[in-house]
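[1] just need the structure, nothing else, for what follows:
(2 chains)
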There are 2 protein chains.
Amino acid sequence: MTVPSKLPRLFVRSPLRASTEVVLDRDQTHYLANVLRLKPDSYVLLFNGADGEWCARIDKLAKKTLTLVVEHQTRAQEDGPDLHYLFAPIKRARVDYMAQKATEMGASVLRPTITHRTIAERVKVERLEANAVEAAEQCGILRVPEVHAPQKLAEILKQWNPERLLVVADETAAVSSPLEALASEAARPHAVLIGPEGGFDPEERDLLLSKEFVLPISLGPRVMRADTAAVACLTLVNAVWGDWR
Amino acid sequence: MTVPSKLPRLFVRSPLRASTEVVLDRDQTHYLANVLRLKPDSYVLLFNGADGEWCARIDKLAKKTLTLVVEHQTRAQEDGPDLHYLFAPIKRARVDYMAQKATEMGASVLRPTITHRTIAERVKVERLEANAVEAAEQCGILRVPEVHAPQKLAEILKQWNPERLLVVADETAAVSSPLEALASEAARPHAVLIGPEGGFDPEERDLLLSKEFVLPISLGPRVMRADTAAVACLTLVNAVWGDWR
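    Here you go, the predicted model:
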């Protein structure tokens, strides 16, 4: 075993301050007590998306609840980019993946977006939240993105705040270099929209391209799966406008 | 059903020219005849990584072999970037994923790279090849990357052609903007190396950073899983040096 051992890291909904108690739910208790077999006086890291990251000691271990005492802060809260991520839900496993990846890429808001070609069973917001939490726990991220309820693309565009630039991957983009297209706009609050496999239908594409707040960019000459396009597009906006500078 | 129907697309090892016959193997026959239930005179697309993409007609359908007649070329061969992709193999499902993603991102060569912290069962070259083929089939890619046998990082570096720049994701990179770091070098044959989960060990990092052909870049302030880092890094090199311009 050569990988350095790390403290387990859990997202909780309680406030975190020195000396407060945190009572874990059944699933998290099961994970620490039965999967990791931690004993009282072991340490774990806790974060809640608002108070930074804290080291906490396992105090009491009952059958279905585990109580921790928060000791000291290990990291101050960090907020990450103001980056909304809109995506057409696809098959279940890939939706999970897209929520995880967007979290790793620092998205602040996840918005499932229903397009004409969206093929998906009912999107479960709780499932997206669970995936975002899991990615944040595993990747040391302090802010879990907010998940919105699914909404139709046309509705989303109708209510859009035009101050926020909406970057859309579009193979017909006029400027073929995505870096040039992004650099042509000043950094401002932004969002990325990833369409369904098979692309937007012509009516949706026309609607998108008619909006002044939409910036179409090209993602190169190869077709990519939607989840690959998502990471690629988020990488480019982070590198040009975001916190990868 | 609103997604436009597409012809099935298969990678084959035979030469492709008008009027030649192609006999499919058992698995591909099963896929076309039993999964897709195609009948004689149906059309499929074939590519072999050298002769472009061709439309072929199902001619004979026997129990275990299916014979096609190649009719006309639908796309000329395209080669994509001279981009080697080195990666420390990780858990099996994620290795599959990394091979698929690198293919979508246009890698020409996949090199499993054994590091001190690599945790992986024996890497199967055939399995990586199968994943690369699958991604190429599904994403309309004409060139399937070549897969090398796994090799130790130190050996790879010893035999490295210094003309080829090796981009390494490294959180301690001196220049924090990956775009600036990449733009500081002229476009030339290049490679991307993605380390294991947990990172390179200190000795390996020192070895890498001692090489003149190594360009360390930062991938932002958040930790990412190795497969996310792979797509992010390949996106940046394609956007700055490759065929996303």
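
[2] output the lowest mean pLDDT helix or strand found in chain A.
    Lowest on mean pLDDT, DSSP states H and E among the helices and strands of chain A sits helix A:92-104, with a mean of 87.

[3] packing partners of that one?
    Secondary-structure packing of helix A:92-104 (3 or more Cβ pairs under 8 Å, 6 or more residues apart in numbering or on different chains; DSSP states H and E): strand A:83-87, strand A:109-114, helix A:125-139, helix A:226-240. For every residue, glycine as well, the C-beta is placed using N, CA and C.

[4] now the second one against helix A:92-104, angle please.
    In this case it means strand A:109-114. Counting by axes from the mean of the first three to the mean of the last three Cα atoms, to 10 degrees, strand A:109-114 lies at 150 degrees to helix A:92-104.

[5] for strand A:109-114, which residues meet the burial criterion?
    Of all the residues in strand A:109-114, those buried under the rule 16 or more other Cβ atoms under 10 Å in any protein chain shown are A:L110, A:R111, A:P112, A:T113, A:I114.

[6] what strands flank that strand, and is each parallel or antiparallel?
    Its sheet considered, strand A:109-114 pairs with strand A:83-87 (parallel), strand A:146-147 (parallel), strand A:151-152 (parallel) by DSSP bridges.

[7] using CSV, write out every CA atom in the least confident helix or strand of chain A.
    Extracted C-alpha coordinates of helix A:92-104, given in CSV (Å, rounded to 0.1, in the frame of the first residue of the first chain):
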residue,chain,number,x,y,z
ARG,A,92,-28.6,7.4,-16.1
ALA,A,93,-25.0,6.3,-15.6
ARG,A,94,-23.8,9.2,-17.7
VAL,A,95,-25.9,11.7,-15.9
ASP,A,96,-24.3,10.6,-12.7
TYR,A,97,-21.0,11.0,-14.4
MET,A,98,-21.8,14.5,-15.7
ALA,A,99,-22.9,15.7,-12.2
GLN,A,100,-19.6,14.4,-10.7
LYS,A,101,-17.5,15.9,-13.4
ALA,A,102,-19.2,19.3,-13.2
THR,A,103,-18.6,19.3,-9.5
GLU,A,104,-14.9,18.5,-10.0
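
[8] please identify which of the buried residues of strand A:109-114 is nearest to chain B.
    Of all the buried residues of strand A:109-114, chain B sits closest to A:I114, with 12.3 Å by Cβ to the nearest Cβ.

[9] looking at it, that closest one is touching A:A88, isn't it?
    Yes: here A:I114 reaches A:A88: they are 7.2 Å apart, a contact under Cβ atoms under 8 Å.

[10] any residues in contact with both of these two?
    Residues touching both A:I114 and A:A88 by Cβ atoms under 8 Å, 6 or more residues apart in numbering or on different chains: A:L153.

[11] can you report how many residues neighbour the closest residue to A:E197 other than its chain neighbours?
    Distance criterion Cβ to Cβ, 6 or more residues apart in numbering or on different chains; nearest residue to A:E197, sequence neighbours excluded, is A:A226 at 5.5 Å. Using other Cβ atoms under 10 Å in any protein chain shown, A:A226 has 22 neighbouring residues.

[12] ok, A:A226 touching A:I90?
    Yes: the pair A:A226 and A:I90 qualifies as a contact (Cβ under 8 Å) at a distance of 5.6 Å.

[13] find residues that contact each of those two.
    A:M98, A:P196, A:E197.

[14] other residues contacting the host helix or strand of A:L68?
    Element membership for A:L68, per DSSP states H and E: strand A:66-75. Identification of contacts with strand A:66-75 by Cβ under 8 Å, 6+ apart yields A:16-24, A:28-29, A:32-33, A:43-46, A:51-61, A:142.

[15] if anything else comes up later, I'll come back, but that's it for now.
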